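*Asks:* No sequence on hand, only this structure:
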């Protein structure tokens, strides 16, 4: 009996303490979704909390998990790399705005090729990932890279094995530049890979581990990941016909080249953007918030948090992590025309 | 006094009553959970099952955008990797268990035994990372070319050891799985070998049997059900292993005759795609895969049980 008495006592204390915690944590804000935004989100959250703001509890479970959770209203906000359509937003009573911009870069493992040395166009890239170009010495690759000594090695395609916003951005780009890719493969968080020699890796680290280990491979990862690990990225020809290297400035150029205010629901993929300096495989992570939130105090805190993230201080943190912050034109528009759709009264 | 005895008897009856129903509840609780899992799997799997029919289990298609799904690739990957794991882990475990119980000097028994048990405590993600970053590179560089140069030259089975030396793939996943199930099979084999009455073994040694003969004629027949139970436990773990396999299997949705090729298993497909699966055919197909894994495990367990019953009968022991 003594044991049971102890048990009751302990569980009583535990219950009491969770009760206390609960009331103290009324100012905790919760979010779920994209893993793309997670590093910068946690950095913002840390700084925001240090400045006296509430704690952020973000579950980096993937974009579609985030969409499911915000639709079920189990979190204060969701985050997704693939924007929702206007119809979907209306049906589920959500507003959407982009919070951060990042780039996806193709990476290779070829002897004697340095980062940024190899040049690539969208349609050749699509044909490589579709298994139409099978060796590195193919004349279409050689034509883009005169003077570069390309090996005769076969090409192994490395892709994400888990459903991912990175894949969504990458395949959206390939669909835009190659009609053939669009009709046979399409765009999405996970697609059917047609290349005969293909390997899937879990997460950015899985793809980069396979690419760095296997000769003759080509894969794609987030720029922040490629930069931090000195991976051999490629130069891409953009919509303006210029070859450019991936960089924060070029991601921001892609974001600046679109007029966010003209697109209903801000439903834009930044891939293949028109600007002369725009990196073609650029994407944004979108935040989803309910128009008629149940917990209005929490949503007010969420908006304050993103207001902080759009401040010069937040921008600086994003740049440190190889993301590109949203252009000021866009953030002004978001503050004025998106956030006011949320009923906080 | 008599009254006191009656009192005691009464308390004991109540205790027995409570005890009986408590244990009964525990047993039924397991059934309840199992039933709940089956029902929820069936409900969520139904849309895909009715859409694709039994053809789902024979189709290699897995087109998420196009909405066409089939489970053959994952089922094949699950079965083949588990088979490879068993082929390697069972003889190894047997060797370890025999050594530990029959041959090993007493002073070494404990360190060896603890080492094996520690292997079982390593989380599976560690096996996955160890596999991908430390095991795969030398495997691709030395072992795969060696296999291709030796077994790869044999006419029919040579095709199993052909293709490019990527390291990751079905064979690599099978090897990592073998390492993971090794401690389970070993510790059960060791435990059951230890319960063989010494008098039986000593009599056999007494009439001049070798260690191998003692193992073959005395220990194994005496412990067959335990040994098979251990193997089944290992197989169950191999079939359902998720994280480690996801790291090293290559995650390609295709079936290749070569064991060097990348593939995927049921568990790895679920781990990769469940988080991002959209409602509808994709999510439902993943549930069908989950159900298939459940059924496969059930079939294998039943076969093992059947085998045990037959073996007991052959020995003339009543079951």
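*Replies:* Looks like it came in fine. Nothing here was measured: the structure is a model prediction, and the numbers come from that model.

*Asks:* and residue A:157, that one's in a helix?
*Replies:* No. Per DSSP: H, G, I helix; E, B strand; the rest coil, residue A:157 lies outside any helix segment and is strand.

*Asks:* got a list of what the nearest residue to it once chain neighbours are set aside touches?
*Replies:* Spatially, and ignoring its direct neighbours in sequence, residue A:157 is nearest to residue A:195 (4.0 Å; Cβ to Cβ, 6 or more residues apart in numbering or on different chains). Heads up, the C-betas are built off the backbone N, CA and C, glycines and all. Applying Cβ atoms under 8 Å, 6 or more residues apart in numbering or on different chains, we find residue A:195 in contact with A:128-131, A:155-157.

*Asks:* Report the buried members of those residues.
*Replies:* Neighbour counting by 16 or more other Cβ atoms under 10 Å in any protein chain shown classes A:128-130, A:155-157 among the contacts of residue A:195 as buried.

*Asks:* Among those, list the two that are farthest apart in space.
*Replies:* The largest separation in the buried ones among the contacts of residue A:195, counting by Cβ to Cβ, is between A:130 and A:156 at 13.9 Å.

*Asks:* Quick one: neighbours of residue B:5, just the number.
*Replies:* 9 (other Cβ atoms under 10 Å in any protein chain shown).

*Asks:* again, but for the one 3 residues further on
*Replies:* With neighbours defined by other Cβ under 10 Å, the count for residue B:8 comes to 10.

*Asks:* Now the residue of the stretch 51-200 of chain A found nearest chain B. Nearest residue, chain neighbours left out?
*Replies:* Nearest to chain B, among the residues of the stretch 51-200 of chain A, is residue A:163, at 2.5 Å (Cβ to the nearest Cβ). Sequence neighbours aside, residue B:276 is the residue nearest to residue A:163 in space, at 2.5 Å (criterion: Cβ to Cβ, 6+ apart).

*Asks:* what's the distance between that neighbour and residue A:34?
*Replies:* 10 Å (Cβ to Cβ, to the nearest Å).

*Asks:* Kindly report the same for residue B:33.
*Replies:* Distance from residue B:33 to residue A:34, by Cβ to Cβ: 34 Å.

*Asks:* Look at those two and report which has more neighbours.
*Replies:* residue A:34 (30 against 10).

*Asks:* tell me the contacts of the closest residue to that one other than its chain neighbours?
*Replies:* Nearest-residue entry for residue A:34: residue A:79, 4.3 Å, with adjacent residues in sequence omitted and distances by Cβ to Cβ, 6+ apart. Residues near residue A:79 by Cβ under 8 Å, 6+ apart: A:31-34, A:37, A:41, A:58, A:63, A:66, A:99, A:285-288.

*Asks:* Then residue B:200?
*Replies:* B:218, B:222.

*Asks:* Distance check, it against chain A.
*Replies:* Distance of residue B:200 to chain A, computed by Cβ to the nearest Cβ, to the nearest Å: 43 Å.

*Asks:* I'd assumed that residue was in a strand, is it?
*Replies:* No. Residue B:200 sits outside any strand when classified using three-state DSSP, being helix.

*Asks:* Would you mind measuring from it to residue B:88?
*Replies:* 30 Å.

*Asks:* ok, how many other residues are close to residue 62?
*Replies:* Picked chain A for this. Residue A:62 - counted by other Cβ under 10 Å - has 27 other residues nearby.

*Asks:* wrong one, chain B
*Replies:* Under the neighbour criterion other Cβ under 10 Å, residue B:62 is assigned a count of 24.

*Asks:* Could you find the closest non-adjacent residue to it?
*Replies:* residue B:253 (4.1 Å).

*Asks:* How about the contacts made by the one you found?
*Replies:* Counting by Cβ under 8 Å, 6+ apart, residue B:253 has contacts A:192-193, B:60, B:62, B:73, B:264.

*Asks:* Three-state assignment for it, please.
*Replies:* Once three-state DSSP is applied, residue B:253 turns out coil.

*Asks:* Can you read off the pLDDT for it?
*Replies:* With respect to pLDDT, residue B:253 scores 86.

*Asks:* What strand or helix carries residue 79?
*Replies:* Defaulting to chain A. strand A:77-80 (DSSP states H and E).

*Asks:* Not quite, go with chain B.
*Replies:* helix B:72-98.

*Asks:* Is stretch B:110-130 in proximity to chain A?
*Replies:* No. For stretch B:110-130, no contact with chain A is found by Cβ under 8 Å from any Cβ of the partner chain; the gap never falls below 8.7 Å.

*Asks:* In space, not sequence, find me the middle residue of the chain.
*Replies:* I'll assume chain A. residue A:36 (3.8 Å; Cα atoms, centre = their mean).

*Asks:* look at chain B instead
*Replies:* Short answer for chain B (Cα atoms, centre = their mean): residue B:235, at 1.9 Å.

*Asks:* what's the helix or strand for the closest residue to chain A within the stretch 201-319 of chain B?
*Replies:* Using Cβ to the nearest Cβ, the closest approach of the stretch 201-319 of chain B to chain A is made by residue B:276 at 2.5 Å. Here residue B:276 is covered by no helix or strand, with elements defined by DSSP H and E.

*Asks:* How about the one 10 residues further on?
*Replies:* Secondary structure from DSSP H and E places residue B:286 in helix B:281-314.

*Asks:* Which neighbouring elements make contact with that helix?
*Replies:* Under the contact criterion of 3 or more Cβ pairs under 8 Å, 6 or more residues apart in numbering or on different chains; DSSP states H and E, helix B:281-314 touches helix B:2-52, strand B:68-69, helix B:72-98, helix B:220-240, helix B:266-273.

*Asks:* on that earlier part again, JSON lines for the contacts of residue A:195, including pLDDT?
*Replies:* Output for these, formatted as JSON lines (pLDDT from 0 to 100):
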{"residue": "A:128", "pLDDT": "95"}
{"residue": "A:129", "pLDDT": "95"}
{"residue": "A:130", "pLDDT": "93"}
{"residue": "A:131", "pLDDT": "92"}
{"residue": "A:155", "pLDDT": "92"}
{"residue": "A:156", "pLDDT": "91"}
{"residue": "A:157", "pLDDT": "93"}
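
*Asks:* Any regions of the stretch 1-150 of chain A where pLDDT drops low?
*Replies:* For the stretch 1-150 of chain A, the stretches with pLDDT under 70 are A:1-26.

*Asks:* Spell out which residues of the stretch 1-150 of chain A are next to chain B.
*Replies:* So far as Cβ under 8 Å from any Cβ goes, the stretch 1-150 of chain A lies against chain B at A:61-65.

*Asks:* Can you give me every residue that contacts the nearest residue to residue A:125 once chain neighbours are set aside?
*Replies:* Once flanking residues are discounted, residue A:125 sits nearest to residue A:106: 6.3 Å by Cβ to Cβ, 6+ apart. Neighbouring residues of residue A:106 by Cβ under 8 Å, 6+ apart: A:120, A:125, A:218-220, A:233-234, A:236, A:281.

*Asks:* which one of those is nearest chain B?
*Replies:* Set against chain B, the nearest of those by Cβ to the nearest Cβ is residue A:219 (12.6 Å).

*Asks:* can you map out the helices along chain A?
*Replies:* A:2-24, A:38-50, A:63-71, A:86-92, A:122-129, A:139-144, A:165-177, A:179-184, A:203-213, A:223-228, A:248-256, A:296-309, A:312-320, A:328-333 (DSSP state H).

*Asks:* so which of the ones you listed comes closest to residue B:28?
*Replies:* Using Cβ to Cβ, the nearest of the helices of chain A to residue B:28 is helix A:2-24, at 23.4 Å.

*Asks:* neighbours of residue B:291, just the number please.
*Replies:* Residue B:291, neighbours per other Cβ under 10 Å, totals 22.
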